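Visitor: sequence plus predicted model, see below.
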Amino acid sequence: MQGLEIANLTKSFGSNTVVSDVSLHIEQGKFVCFLGPSGCGKTTLMRIIAGLEEPTTGDVLFDGRNITSLPTYQRNFGMVFQALALFPHLNVAENVGYSLRFRTMDKRHKADRIDELLRLVDLPGTQTRRVDQLSGGQRQRIAIARALAQEPLLFLMDEPLSALDAKLRDHMQVELKQLQRRLKITTIFVTHDQREAMTIADEIVVMANGRVQQVGSPIDIYRRPANRFVADFIGQSNLAEGILLDRTHVQLDGRTIEVRSAPSQLAIGQKVTVCVRPEGTLLSRTEMSKDLPTAKVTFVRDVGSTVEVHLDRAGQQMLSFMSPAAWDLLSGQDELAVSFAPGAATVLED
């Protein structure tokens, strides 16, 4: 099978299990983010893939070959870490060409390869500059160029942008994604920042407590979270308890609402948790929607392109995102009617 295969992988340090029975398939050429809070096991999982840690049980396969016991230097995987680990005593060209010193190539060929890599990361002509003369974003690009110099089969990055300021980080996310698309190299990117993962990933692996919670595209994970953890960790959500009437309908507050297809393991008639994102939570004047439940407006935050309306619905805190124009029609109201957009509700697995 092409790509990376992780089979029933567990890693324990003494009595502490940090990765628990993880199985994944990462297709060739995909940009995949391991996403989760600190301590969830995402970095340990990446280090096992890189060969820097040995699993307690389970296997790592690449293109059908079992590489679980293969030393790191024989895997031909490129790595960029949070600390970057550039060599301060070497100039830019020497840092980028560091891995090439073991290859049989003449000086001209090596210099051409370094020039090519610096153009690739948009830093031509910087060969003789010292590392301490570079900005944070430039050092990040040099670390990426150095990792790509060996023409790796897999590119691994562990929170490489976390030290950058917000504006530069956003810029580097776009550049990194564009570079990966051009090179078509399979990439694993570790982050705790859900916005970063949503921006750059083709596929997200959400982790918590050493286990995979959900795997899917950014839009699928956002619109169809599998459980309470994913719904809470990815973006913001409104949760409510209801009764499952059938696969596409739930009874909520005495009303029947349409939901995305409920998980097959849930039984008809059982109590379920429904998740609705703030943009799918609709507000209207109470006098125009007398049959709908109401909520008290507790706080309004105008962030420019969006108005965030905080509500209290019988003690339950809710949030709605509206356009400024839509909010102008409702502003000044202390209490509003609440409904959900068709297809906006998701039934969680647990």
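Guide: Thanks, I have it. Residues are numbered from 1 along each chain as shown.
Visitor: going by neighbour count, which residues in stretch 90-108 are buried?
Guide: Across stretch 90-108, burial judged by 16 or more other C-beta atoms under 10 Å covers 92-97, 99-100. All C-beta atoms are positioned from the backbone trio N, CA, C, and that covers glycine.
Visitor: next, residue 139: secondary structure please.
Guide: Here residue 139 takes the helix state, with states given by DSSP: H, G, I helix; E, B strand; the rest coil.
Visitor: tell me, how many residues neighbour it?
Guide: The number of residues packed near residue 139 is 19, by other C-beta atoms under 10 Å.
Visitor: and the pLDDT for the spatially most distant residue from the centre of the chain?
Guide: When distances to the mean C-alpha position of the chain are computed (C-alpha atoms, centre = their mean), the maximum falls on residue 287, with 42.1 Å. Each residue has a pLDDT score; the one for residue 287 is 87.
Visitor: equivalent analysis for residue 104, please.
Guide: Confidence for residue 104, expressed as pLDDT, is 69.
Visitor: check residue 82 too.
Guide: The confidence metric pLDDT takes the value 77 at residue 82.
Visitor: repeat for residue 124
Guide: According to the predicted model, the pLDDT of residue 124 comes to 91.
Visitor: which element is the nearest residue to it once chain neighbours are set aside on?
Guide: The shortest distance from residue 124 to any residue other than its chain neighbours is 5.3 Å, reached at residue 118 (C-beta to C-beta, 6 or more residues apart in numbering). With elements taken from DSSP states H and E, the one containing residue 118 is helix 107-120.
Visitor: for the record, mean pLDDT for that helix?
Guide: Mean pLDDT, helix 107-120: 88.
Visitor: now do it: distance to the chain's middle.
Guide: Relative to its chain's centre, helix 107-120 lies at 33 Å (C-alpha atoms, centre = their mean, to the nearest Å).
Visitor: likewise for stretch 137-151?
Guide: Taking C-alpha atoms, centre = their mean, one finds stretch 137-151 lying 22 Å from the centre of the chain it belongs to.
Visitor: for stretch 220-237, same thing?
Guide: What separates the centre of stretch 220-237 from the centre of its chain is 12 Å, taken as C-alpha atoms, centre = their mean.
Visitor: now what about it, what contacts it?
Guide: Counting by C-beta atoms under 8 Å, 6 or more residues apart in numbering, the neighbours of stretch 220-237 from elsewhere in the structure are 35-37, 194, 198, 204, 206, 208, 213-214, 216, 239, 260, 273, 275-278, 319, 346, 348-350.
Visitor: filter the residues you listed down to the buried ones, ChimeraX style.
Guide: For the buried members of these, the matching ChimeraX selection, counting by 16+ other C-beta under 10 Å, is:
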select :35,36,194,198,204,206,208,213,214,216,273,275,276,277,278,319,346,348,349
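Visitor: about what we covered before: the residue farthest from the centre of the chain - that's part of a helix, no?
Guide: Yes - for residue 287, which was evaluated using three-state DSSP, the result is membership in a helix.
Visitor: element containing the spatially most central residue of the chain, please.
Guide: With distances taken as C-alpha atoms, centre = their mean, residue 197 lies nearest the centre of the chain, 2.8 Å away. Taking DSSP H and E as the definition, residue 197 sits inside helix 194-200.
Visitor: which elements pack onto that helix?
Guide: Secondary structure elements in contact with helix 194-200, counted by 3 or more C-beta pairs under 8 Å, 6 or more residues apart in numbering; DSSP states H and E, are strand 31-35, helix 166-183, strand 186-191, helix 218-223.
Visitor: and the longest one, which residues are buried?
Guide: The neighbour-count criterion (16+ other C-beta under 10 Å) identifies 169, 172-173, 175-177, 179-180 as the buried residues of helix 166-183.
Visitor: could those residues go into TSV alongside distance to residue 301?
Guide: Listed next are those as TSV, based on distance: C-beta to C-beta, whole Å:
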residue	distance to residue 301
169	23
172	28
173	25
175	31
176	31
177	30
179	36
180	35
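Visitor: coming back round to it: among the contacts of stretch 220-237, which lie within helices?
Guide: If you go by DSSP state H, these have 194, 198 in helices.
Visitor: kind regards, and thank you for your time.
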